[in-house]
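> Just to be clear, the model below is a prediction. Sequence and coordinates:
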Amino acid sequence: MPVSLFTCPLCHSPIQPAPDTWRCDGSLNPKQTVHTFDVARQGYVNLLPVQQKKSKAPGDSQDSIEARKRFLKAGHYQPLQALVGQQMQALLAKQLKDEQGKAPINWLDIGCGEGYYTQAMAELESGLIDNLIAADISKPALVELAKVGKAAGRLWYQQDKATSARATIIYPLVTSAANLPLSAHSMTGISSIFSPILPSAFAEVLVDDGYLIIAKPDAGHLASMREALFDDVREHDSDKFLQELSSEFTLLHTHRVSHELALSADDLRDLMTMTPYAYRAKSEKRQALLEAVAAQDFNTEAKFVLYVLQKISKRSDTMKPLS
């Protein structure tokens with residue numbers, strides 16, 4: 001793996017990963033100071049300086065993470081997980097064919113949370129991804145992801161245990177999406193699943209013609225649930241960010257997936273806890289809905305939209321969608 005894949009969040013010098021401590025070389029620091037970042041026992045690395053934090057504990061809370069783990073483990077969003085995997089498989093298989101395996105494939109899963117989608121990416125056929133950067137601002141979320149990756153022998157310092165030359169290696173990083181500690185033009189692709197969209201930051205770290213996969217709730221997502229929780233229901237406007245991306249990216253494909261959900265009271269409680277509904281809905285509305293579901297499953301529909309985009313190459317003036 002290139003030494004320059006990661007950069008110091010303090011001075012932007014190249015970082016050398018190591019099993020116990022990551023160190024930058026200080027080459028871009030006026031004082032030539034070397035910064036160090038300890039590897040946590042769970043296997044993640046915190047590259048979020050205190051000056052980049054907007055709160056003491058940014059990102060998802062432990063309660064939200066635990067609720068999401070239970071909800072996703074039950075398979076409620078598995079169709080979306082499968083769709084993300086299918087699209088990545090198609091893109092990266094083409095990439096391997098075009099590049100003939102000459103360059104490593106590096107993928108950034110931004111806002112990865114506890115890793116439900118990340119772990120599936122690591123298991124794509126034939127180890128299509130060499131280096132999978134799992135990034136989130138929530139330290140509790142990265143703790144969970146790193147523990148699972150470590151148990152599977154997939155973390156970067158366990159790479160000698162890999163059974164395949166192209167086995168996917170995971171790098172769990174606590175970091176800000178707005179200040180990615182990654183070298184320019186180092187990522188083959190980025191996935192942002194229900195996470196912030198930062199066109200300039202994404203374009204900076206992507207190679208020319210690099211891919212961007214974005215998943216968002218589609219119109220009508222969890223409609224019956226939202227109607228029960230809010231007096232004024234605003235529809236999801238999933239396409240609103242596409243214009244912001246248009247100067248850096250071309251839209252190749254749009255995919256939609258939907259399926260019915262029959263949720264128990266526990267499922268519904270977890271779903272509310274893992275979404276903004278946990279604090280946006282009035283407590284009496286939440287309680288009334290849970291009481292109504294106690295005797296019978298709650299029916300609603302999950303609806304998602306997936307966008308596949310490609311960075312506009314500076315080497316050409318035209319882009320054609322993939323066939």
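Structure received.

> Give me the neighbour count for Thr33.
Counted with other CB atoms under 10 Å, residues neighbouring Thr33 total 12. Where C-beta positions appear, they are placed from N, C-alpha and C, glycine not excepted.

> Okay, helices next: where are they in the stretch 201-323 of the chain?
223-229, 242-245, 265-273, 277-280, 283-293 (DSSP state H, counting those that start in this stretch).

> Check which helices and strands the second one is in contact with.
So that's helix 242-245. Here helix 242-245 touches no other helix or strand, going by 3 or more CB pairs under 8 Å, 6 or more residues apart in numbering; DSSP states H and E.

> What lies in contact with it?
Contacts to helix 242-245, defined as CB atoms under 8 Å, 6 or more residues apart in numbering, come from residues 197, 199, 212, 251, 307, 309.

> Also the last one?
Around helix 283-293, the neighbours that count as contacts under CB under 8 Å, 6+ apart are 225, 228-230, 263-265, 268-269, 272, 277, 298.

> give me that answer again for 7 Å
Helix 283-293 is contacted by residues 228-229, 265, 268-269, 272 when judged by CB atoms under 7 Å, 6 or more residues apart in numbering.

> for the residue nearest to Leu96 when sequence neighbours are not counted, what are its contacts?
Leaving out its chain neighbours, the residue that sits closest to Leu96 by CB to CB, 6 or more residues apart in numbering is Leu128, at 6.8 Å. Listed by CB under 7 Å, 6+ apart, the contact set of Leu128 reads 89, 92-93, 96, 105.

> Next, format those residues as CSV and append secondary structure.
Below are the contacts of Leu128 laid out as CSV (DSSP: H, G, I helix; E, B strand; the rest coil):
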residue, secondary structure
Gln89, helix
Leu92, helix
Ala93, helix
Leu96, helix
Ile105, coil
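
> so where do the strands sit in the protein?
6-7, 14-16, 21-24, 36-38, 45-46, 106-110, 131-136, 169-174, 187-193, 206-217, 249-263, 298-311 (DSSP state E).

> To Pro30, which of those lies closest?
With CB to CB, the closest approach to Pro30 among the strands of the chain belongs to strand 21-24: 13.5 Å.

> For the nearest residue to Ala294 once chain neighbours are set aside, give its distance to Glu227.
If you skip the residues right next to it in sequence, Ala294 has Ala265 as its closest partner in space, 5.2 Å away by CB to CB, 6+ apart. Distance check for Ala265 against Glu227: by CB to CB, to the nearest Å, it reads 18 Å.
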